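*Asks:* Predicted model and sequence below, questions to follow.
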Amino acid sequence: MNQNNFDKNVNNDKSGQLLKGTISLFITGLGAFLAVILTSALLLIIVLAPQIGIIKFIYYLIPPAIVLWIYSTLTTKTSSDKISYRLRHILKRFFDVIFSSLGLFFQSPMIILLALAIKLESRGPVLYRSKRIGQYGRLFDVYRFRTKRVALAESSKTRIGNFLLRLSLDRLPMLYNVLEGELSLVGPSPRQPSNLEDTLDTEKRILLFRPGVTGLWQISDVQVSDLQRKIALDLEYIEKWTLLLDFQILFKTIIVVLLDRK
């Protein structure tokens, strides 16, 4: 992907952002809410499949699946207009929507309890927002649970914060970023505005992919400060990307978190 093609995609994305006002935010939020409801309905239909029979199973399954596919299509941007390439990325987005919806649905009690624990232990907001650079260079807020005290004189981590970081539970709110389409479950590491140029390849291929909650470098033995190695792993992911690779990285991420090591 050369610079001209990248700039073309950036300009197209900026054109799409003209509708990113109040109406667009409302539609995005509504779409995310409906995605959770429809995914939960899909799960219920699958669970009830033995009782309702194959005909009713298919009849009930198709409508929510179609709506979720449409939502996935509308929230997918690709650097190529090839049908096969776009379909693969829509399928990737489809799985992002399904798994992030299920994650928010099943983990909502835990999310509520953790939010209460954070609020009770120290003053300040439950969520911490940080700016990141997304696909085609778009700036967005990443949501995470707050793990530190707000007061400048008390910048140390809280007890609940240490617990969250140890199990990577501080990243649970990022599932909403995934559902909205700002993040993918798996992808290149989201870049920080402060060191963007230092963390990009010369052709900016990294910005052609939606950044991920996890990725190759997160499951590899790489120091956070080793920018060149992180760039190399992100490019390796982009070049080798398949849905199977995504599932492998997700599985290894769970293992890494459970073992509390890389």
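*Replies:* Good, I have the coordinates. Numbering: from 1, shown residues only.
*Asks:* where's the nearest residue to Thr214 once chain neighbours are set aside, which helix or strand?
*Replies:* Among residues not flanking Thr214 along the chain, Thr253 sits closest, at 4.5 Å (C-beta to C-beta, 6 or more residues apart in numbering). Bear in mind the C-beta positions are built from the backbone N, C-alpha and C, glycine included. Taking DSSP states H and E as the criterion, Thr253 maps to helix 243-259.
*Asks:* what does that helix rub up against?
*Replies:* 88, 91-92, 95, 167-168, 185-186, 214-216, 218-219, 237, 262 (C-beta atoms under 8 Å, 6 or more residues apart in numbering).
*Asks:* For the residues you listed, work out which two are farthest apart.
*Replies:* Arg88 and Leu167 (32.1 Å; C-beta to C-beta).
*Asks:* ok, back up a step: could you measure from the residue nearest to Thr214 over to Leu38?
*Replies:* 26 Å (C-beta to C-beta, to the nearest Å).
*Asks:* In terms of secondary structure, what does the longest helix along the chain contact?
*Replies:* Secondary structure of the chain per DSSP state H: the longest helix is helix 83-121. Under the contact criterion of 3 or more C-beta pairs under 8 Å, 6 or more residues apart in numbering; DSSP states H and E, helix 83-121 touches helix 22-52, helix 54-74, strand 139-145, helix 159-166, helix 174-180, strand 184-186, helix 243-259.
*Asks:* The residue nearest to Thr214: how many residues sit nearby?
*Replies:* Applying other C-beta atoms under 10 Å, we find 19 other residues in the vicinity of Thr253.
*Asks:* try Phe33
*Replies:* 12.
*Asks:* which residues does it contact?
*Replies:* Counting by C-beta under 8 Å, 6+ apart, Phe33 has no contacts.
*Asks:* In the stretch 1-150 of the chain, where is pLDDT below threshold?
*Replies:* 1-29 (pLDDT under 70).
*Asks:* let's see 80
*Replies:* 1-33, 79, 150 (pLDDT under 80).
*Asks:* Centre of the chain to the longest helix of the chain, how far?
*Replies:* Put simply, helix 83-121 sits 8 Å off its chain's centre (C-alpha atoms, centre = their mean, to the nearest Å).
*Asks:* following that helix, which helix or strand shows up next?
*Replies:* strand 127-133.
*Asks:* Which elements pack onto that following strand?
*Replies:* strand 139-145.
*Asks:* Relative to the whole chain's centre, how far out is the strand it packs on?
*Replies:* 10 Å.
*Asks:* returning to that earlier point: send me the helix holding Thr253 as PDB with only the CA atoms.
*Replies:* Extracted in PDB, the C-alpha atoms of helix 243-259 (Å, rounded to 0.1, in the frame of the first residue of the first chain):
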ATOM      1  CA  LEU A 243      -9.500 -15.700  11.000                       C
ATOM      2  CA  LEU A 244      -7.700 -18.800  12.300                       C
ATOM      3  CA  LEU A 245      -4.800 -16.600  13.400                       C
ATOM      4  CA  ASP A 246      -7.200 -14.400  15.300                       C
ATOM      5  CA  PHE A 247      -8.600 -17.300  17.200                       C
ATOM      6  CA  GLN A 248      -5.100 -18.600  17.900                       C
ATOM      7  CA  ILE A 249      -4.000 -15.200  19.300                       C
ATOM      8  CA  LEU A 250      -7.200 -15.000  21.500                       C
ATOM      9  CA  PHE A 251      -6.600 -18.400  22.900                       C
ATOM     10  CA  LYS A 252      -3.000 -17.700  23.700                       C
ATOM     11  CA  THR A 253      -4.000 -14.400  25.200                       C
ATOM     12  CA  ILE A 254      -6.200 -16.200  27.700                       C
ATOM     13  CA  ILE A 255      -3.300 -18.600  28.500                       C
ATOM     14  CA  VAL A 256      -1.000 -15.600  29.000                       C
ATOM     15  CA  VAL A 257      -3.500 -13.900  31.400                       C
ATOM     16  CA  LEU A 258      -4.200 -17.100  33.400                       C
ATOM     17  CA  LEU A 259      -0.500 -17.900  33.800                       C
END
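*Asks:* Great, nothing more from me.
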